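**Q** Give me a model of this one.
(one chain, ligands or ions: 1)
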Amino acid sequence: MWAIISRLKALGGRLIRSVQLRYAAAYLLVTGMVLILLNVYPLRFAQDLVFRTKEVSVLGKAEMVASAMAGLDRLTADGVRQVVDLLNDVSFSRMIVTDETGECLYDSAYVSGTEGRYVLYPEIAAALEGNDVFYCRSGAASIESCAALPVIYRGMVIGCVYAIETDTEQAALLVGIQRNMRNITWLILLAVTAVCLVSVCLFSRRMDRIMNAIRIVREGEYSYKLESSSRDELGELAKEFNALTERIQTTETMRRQFVSDASHELKTPLAAITLMTDSVLQNEMDKQTILEFVGDIGAEANRLSRMTEKLLQLSRLESAPATALETVDLAKIVDKVFRILWPLANERGICLSSHMEEKCTVLAREDDIYQILFNIAENGVKYNRDNGTLEILLYHRDSSVVLICNDDGVGIPEEEMPRIFERFYRVDKARSREAGGSGIGLAIVHDMVEKYHGAITVAARKSGGTRFTITFPWHERGVEQ
Ligand code: ADP
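**A** Numbers count the residues shown, from 1 in each chain. This next block holds a predicted model:
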């Protein structure tokens, strides 16, 4: 019992807090007010119409009787009766004619025995003072119209005509209209309440499902999907929710993959360092061999630090706050990169050359553009053959700036090309390791190029070697965005 009460309480509390319920209550309130107005105004209008008709007809007939009575210079019971007989067509529910003192000369309801007695109703008293009196009132089963008019002869009040008409037909009509309106009102109210309740319940159920889904996803169940067959706002919300969870799921998978790849990649040089350190410690070696081992340990440590540096770059790229962009001249950056790479290229007899148009400018951060061009050009040197060439072409095409990096090195097999922008992906692991690679450089390039709304493609050259093509939107210096 208590459980049911507390559940009902909880449901009540939820319903009170529900937005939908508030809308439903407002809707009901407005409907109720409209219905009240509909019940009151037309009825009042109909009643006024009936009263006005009564005024015209009852007062008109009473005036006719009063002017007929005014034809008699003195009102007597016989004279009045004769006039009443003459006015056969003019009838009331009750008619009283009095003389100027208020003594009753004629009463159509003579059973009441008023004739010969003074009937000083307030209406008659007012009429004897020379006033026209008329009122109409609506009772439970009838409409009562009352008129009292003075009978005036030569400017003197010589009597009064008091007429009452009771109309049950019109009253029944008004009551009928009122009853029908009330019934219709109840029906409409019931229907609106039912529709509101049903829609509140349906809405709450669907909202509950969405809230439940949010809780499930919050707990980490990213694959949870909501059914979204309907096309209304909640259906759209469910679709957006599913799209969001899909995105979270993809990001989460990528994150897990990245963490596992990164730890795997970091483990390899660490394992090599541990192995080599153990060998030095556990075996007796001559100085030369120890020096070789220490050199290898140093090389692995360098690889580790390069890798962590690139990993940091990658995470900075993902979480970097938006900083102010500037107009960057790509030609200047290419020159800077060539200056840095020259010793490495020179060591292997690799020729660095460039053909660049002027004013190839883009809107970006200079450090990012340097990083992109350095990684591409460094790969062109690292994976080149001895005495090979590395050529950079830079030109405008339509509203873009195109940078091509041609090398005639080892090349990349066609089937590997789609994967080389993935993190830690290396075509030839041994060669990459030997060249000091980490498999992250091109992933950084790809993300950065996309950040500046550019595109990067890779292709094999007919003469051997690889061609990277990067396209950026051209941004003229001085043209503000
Ligand atoms: P790494 O640090 O290993 O160079 P990258 O992400 O820069 O990592 O490159 C990914 C892989 O793509 C490299 O390991 C290499 O196998 C291949 N690669 C990149 N650039 C070239 C190139 N110019 N010529 C041949 N292979 C390349």
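**Q** just the strands in this structure please.
**A** For the chain, the strands defined by DSSP state E cover 94-99, 104-107, 133-138, 143-153, 156-167, 326-329, 351-356, 361-364, 389-397, 400-407, 455-460, 466-473.
**Q** Out of those, which gets nearest to residue 245?
**A** Residue 245 lies closest to strand 455-460 among the strands of the chain, at 29.0 Å (CB to CB). From N, CA and C alone the C-beta is placed, and that goes for glycine too.
**Q** Now that closest one: average pLDDT?
**A** Averaged across strand 455-460, the pLDDT comes to 96.
**Q** repeat for stretch 274-289
**A** Taken as a whole, stretch 274-289 has a mean pLDDT of 88.
**Q** then that stretch to CSV, C-alphas only?
**A** Presented in CSV, the C-alpha positions along stretch 274-289 are these (Å, rounded to 0.1, in the frame of the first residue of the first chain):
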residue,chain,number,x,y,z
THR,A,274,66.4,-2.8,-21.3
LEU,A,275,67.8,-5.7,-23.3
MET,A,276,70.9,-3.8,-24.3
THR,A,277,71.4,-2.5,-20.7
ASP,A,278,71.1,-6.1,-19.3
SER,A,279,73.6,-7.4,-21.9
VAL,A,280,76.1,-4.8,-20.9
LEU,A,281,75.6,-5.5,-17.2
GLN,A,282,75.5,-9.2,-17.3
ASN,A,283,78.2,-10.0,-19.9
GLU,A,284,81.8,-9.2,-19.8
MET,A,285,82.6,-7.0,-22.8
ASP,A,286,85.5,-5.1,-24.1
LYS,A,287,85.3,-1.3,-24.1
GLN,A,288,84.6,-1.2,-27.9
THR,A,289,81.5,-3.4,-27.6
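**Q** Mind listing what's buried along it?
**A** 276, 280 (16 or more other CB atoms under 10 Å).
**Q** ok now it, how far from the chain's centre?
**A** How far stretch 274-289 lies from its chain's middle: 69 Å, per CA atoms, centre = their mean, to the nearest Å.
**Q** which residues touch residue 436?
**A** 302, 303, 306, 382 (CB atoms under 8 Å, 6 or more residues apart in numbering).
**Q** ok, now how distant is it from the ligand?
**A** Distance, residue 436 to the ligand, using CB to the nearest ligand atom, to the nearest Å: 8 Å.
**Q** likewise residue 298?
**A** Distance check for residue 298 against the ligand: by CB to the nearest ligand atom, it reads 19 Å.
**Q** what pLDDT does that residue get?
**A** 92.
**Q** Excluding chain neighbours, what is closest to residue 209?
**A** Counting by CB to CB, 6 or more residues apart in numbering, residue 209 lies nearest to residue 226, which is 6.7 Å off, once chain neighbours are set aside.
**Q** returning to what we had before: which one of the strands of the chain lies closest to residue 312?
**A** Between the strands of the chain, strand 361-364 lies closest to residue 312; by CB to CB that is 20.0 Å.
**Q** Starting from that closest one, tell me which strands it pairs with and how they run.
**A** Strand 361-364 has its sheet partners listed here by DSSP bridges as strand 326-329 (antiparallel).
**Q** Residue 408 is in contact with residue 465, isn't it?
**A** Yes. Using CB atoms under 8 Å, residue 408 is in contact with residue 465, at 3.6 Å.
**Q** could you dump the contacts of residue 436 to TSV with neighbour count?
**A** Shown next, in TSV, are these (neighbours: other CB atoms under 10 Å):
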residue	neighbour count
302	12
303	20
306	16
382	21
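**Q** Now do the same contact list for residue 366.
**A** Listed by CB under 8 Å, 6+ apart, the contact set of residue 366 reads 326, 328, 333.
**Q** what's around the last one, how many residues?
**A** By the other CB atoms under 10 Å criterion, the neighbourhood of residue 333 contains 23 residues.
**Q** can you tell me the residue of the stretch 101-250 of the chain closest to the ligand?
**A** When distances are taken as CB to the nearest ligand atom, the stretch 101-250 of the chain reaches nearest to the ligand at residue 250, 21.1 Å away.
**Q** Distance of that residue relative to residue 453?
**A** Applying CB to CB, to the nearest Å, the value for residue 250 to residue 453 is 21 Å.
**Q** What score does the residue of the stretch 1-150 of the chain found nearest the ligand have for pLDDT?
**A** Nearest residue of the stretch 1-150 of the chain to the ligand, counting by CB to the nearest ligand atom: residue 19, 51.4 Å away. pLDDT, residue 19: 75.
**Q** Residue 14 now?
**A** With respect to pLDDT, residue 14 scores 66.
**Q** For residue 77, give me its contacts.
**A** Applying CB under 8 Å, 6+ apart, the residues near residue 77 are 105, 106, 115, 116.
**Q** Just the buried residues from the residues you listed, in ChimeraX please.
**A** Restricted to buried positions by 16+ other CB under 10 Å, the ChimeraX selection for these reads:
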select :105,106
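**Q** of the contacts of residue 77, closest to residue 270?
**A** For the contacts of residue 77, the nearest to residue 270 is residue 106 (129.8 Å; CB to CB).
**Q** Which residue ranges of the stretch 251-400 of the chain form helices?
**A** Residue ranges of the helices in the stretch 251-400 of the chain, as given by DSSP state H, counting those that start in this stretch, are 287-319, 330-347, 366-382.
**Q** among the ones you listed, where is the model least confident on average?
**A** The weakest mean pLDDT among the helices of the stretch 251-400 of the chain belongs to helix 287-319, with a mean of 85.
**Q** Can you list the helices and strands that it packs against?
**A** Under the contact criterion of 3 or more CB pairs under 8 Å, 6 or more residues apart in numbering; DSSP states H and E, helix 287-319 touches helix 233-282, helix 441-451.
**Q** Could you pull out the buried residues of it?
**A** Quick answer for helix 287-319 (16+ other CB under 10 Å): 293, 297, 300, 303, 304, 306, 307, 310, 311, 313, 314.
**Q** Go through those residues and say which is closest to the ligand.
**A** Nearest member of those to the ligand, counting by CB to the nearest ligand atom, is residue 310, at 7.5 Å.
**Q** Quick one: residues contacting the spatially closest residue to the closest one that is not a sequence neighbour.
**A** Nearest non-adjacent residue to residue 310, counting by CB to CB, 6+ apart: residue 440, 4.3 Å away. The contact partners of residue 440, taken as CB under 8 Å, 6+ apart, are 307, 310, 311, 313, 314, 423, 424.
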